[in-house]
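Return a 3D structure for these sequence lines:
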Amino acid sequence: MILIIKKAKVTRKGSDLIVETSKGVKEFSTLDVDMLVIIGSEVVIDSGTLLFLSSINAPVLIHGKRYDVVLVPPFLTSISEIRKAQYNISDSQGLFIARSFIEGKIKGMYNVAKYFSYIHKVYISNVDVRKIGEVKDIDSLRLAEAELSKAMWEELRKFLPKEFPGRKPRNDDPINRSIDYIYSLIYGICTHALMSAGLDPYYGFMHKNYPGRVSLTYDFSEMFKPFGIHVVISSVNKFSIDIDRKGYLESKSLIAITRNFYEMMSKRKLRSVIYAKANELKKSIVEFKAFSPYVYKPK
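Predicted coordinates for the structure are as follows:
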């Protein structure tokens, strides 16, 4: 995973990427690149480099202060029948899959809280996920997810600095910025995995479909957010996390968090799990096979 922070120019030399900054020029091999991550809006990259990254099947994630953009290469696969089934999915089947996503998320969040409660000897309240299985429509599922997530964040706050204001997306504090950033990495991998399975990442079941919004990515990635939370709590306990005057995470913080994310993901082989789950989702949609939620376990 190559991380490029703020002002830089990216070009290509053979199979290598050349990154030019005020501190000099660095050369990176692309032989084992999983993803190119760009922070901010001041990085210049030429079209030839983007085409090359597409040819080696490497997605590009641009993480901004207010939103993220994922550039993924086209896949040479027959997707018309897969997407036809996706667009014509019944309300009941879509609800069943969406409930699985949220069940995996809440149980995973609880596992993370339970893991840190054991380490820090802190009591946490149990979570009742039965209401997820009881909802009868997507709107009710959204309400149940919001309620359960809020309750789990109250438990997870026990393992974060006291100044953490609670989960507030795009808030200008180091912890929320860290969560936003780690989630964006997960979105990038999930978008790539869904497209590799032939699915349309823009057509979801739970998040509302708006132009330009990768709604299915947001739905699908719910199961993997507990891993991201684990990465952030782990990073906060290991490193000093700060933001700069522009509201971005400082370079040292970004590098430390990214390295921790990649090392933890590799150790747990989570990337393979995400791609396998995307393929399982495709089979669930096309072949009406069961879809089992992924539940993250810290150990």
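
can you pull out the strands in the chain?
2-5, 8-13, 16-21, 24-29, 36-39, 43-45, 60-63, 68-71 (DSSP state E).

and the second one, what does it pack onto?
Yep, that's strand 8-13 we're talking about. Under the contact criterion of 3 or more C-beta pairs under 8 Å, 6 or more residues apart in numbering; DSSP states H and E, strand 8-13 touches strand 16-21, strand 43-45, helix 47-55. (C-beta placed from N, C-alpha, C; glycine too.)

Output the strands of the chain in CSV; the columns should cover mean pLDDT.
What follows is those, written out as CSV (pLDDT from 0 to 100):
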stretch, mean pLDDT
strand 2-5, 86
strand 8-13, 93
strand 16-21, 93
strand 24-29, 92
strand 36-39, 93
strand 43-45, 94
strand 60-63, 92
strand 68-71, 88
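
can you redo the helices and strands packed on strand 8-13 as a markdown table with distance to A98 and mean neighbour count?
Formatted as a markdown table, those follow (distance: least, C-beta to C-beta, whole Å; neighbours: other C-beta atoms under 10 Å):
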| stretch | distance to A98 | mean neighbour count |
| --- | --- | --- |
| strand 16-21 | 38 | 17 |
| strand 43-45 | 35 | 17 |
| helix 47-55 | 31 | 14 |
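
Kindly present these as JSON lines, with separate columns for distance to F220.
JSON lines is the format used below for those (distance: least, C-beta to C-beta, whole Å):
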{"stretch": "strand 16-21", "distance to F220": "29"}
{"stretch": "strand 43-45", "distance to F220": "27"}
{"stretch": "helix 47-55", "distance to F220": "22"}
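
Of all these, which one is nearest G64?
strand 43-45 (10.9 Å; C-beta to C-beta).

who's in contact with the closest one?
The set of residues external to strand 43-45 that reach it, using C-beta atoms under 8 Å, 6 or more residues apart in numbering, is 4, 6-11, 38, 60, 62.

and what of stretch 246-254?
3, 5-6, 39-40, 65, 172, 174, 177-178, 181, 239-244, 257.

Now find how far off-centre that stretch is within its chain.
19 Å (C-alpha atoms, centre = their mean, to the nearest Å).

Pull out the buried residues from it.
248-250, 253-254 (16 or more other C-beta atoms under 10 Å).

Would you point out the most distant pair within these?
Farthest apart among these by C-beta to C-beta are Y248 and S253. That separation is 9.2 Å.

Flag the least confident of the buried residues of stretch 246-254.
Minimum pLDDT for those is recorded at Y248 (85).

Out of the contacts of strand 43-45, which comes closest to L160?
Nearest member of those to L160, counting by C-beta to C-beta, is K6, at 26.2 Å.

any idea how far the closest one lies from L249?
11 Å (C-beta to C-beta, to the nearest Å).

What of I5?
9 Å.

do S15 as well
30 Å.

Partner strands of the helix or strand of the chain with the lowest mean pLDDT and their direction?
Least confident element among the helices and strands of the chain, by mean pLDDT, DSSP states H and E: strand 2-5 (a mean of 86). Using DSSP bridges, strand 2-5 pairs in its sheet with strand 36-39 (parallel).

Could you tell me which residues touch both of I5 and L249?
I39.

Which residue, neighbours along the chain excluded, lies closest to F52?
Spatial nearest neighbour of F52, excluding adjacent residues (C-beta to C-beta, 6 or more residues apart in numbering): R12 at 5.1 Å.

OK, contacts around K114?
By C-beta under 8 Å, 6+ apart, the neighbours of K114 are I124.

ditto for the one 10 residues further on
Residues in contact with I124 (C-beta under 8 Å, 6+ apart) are 113-114, 117, 155, 158.
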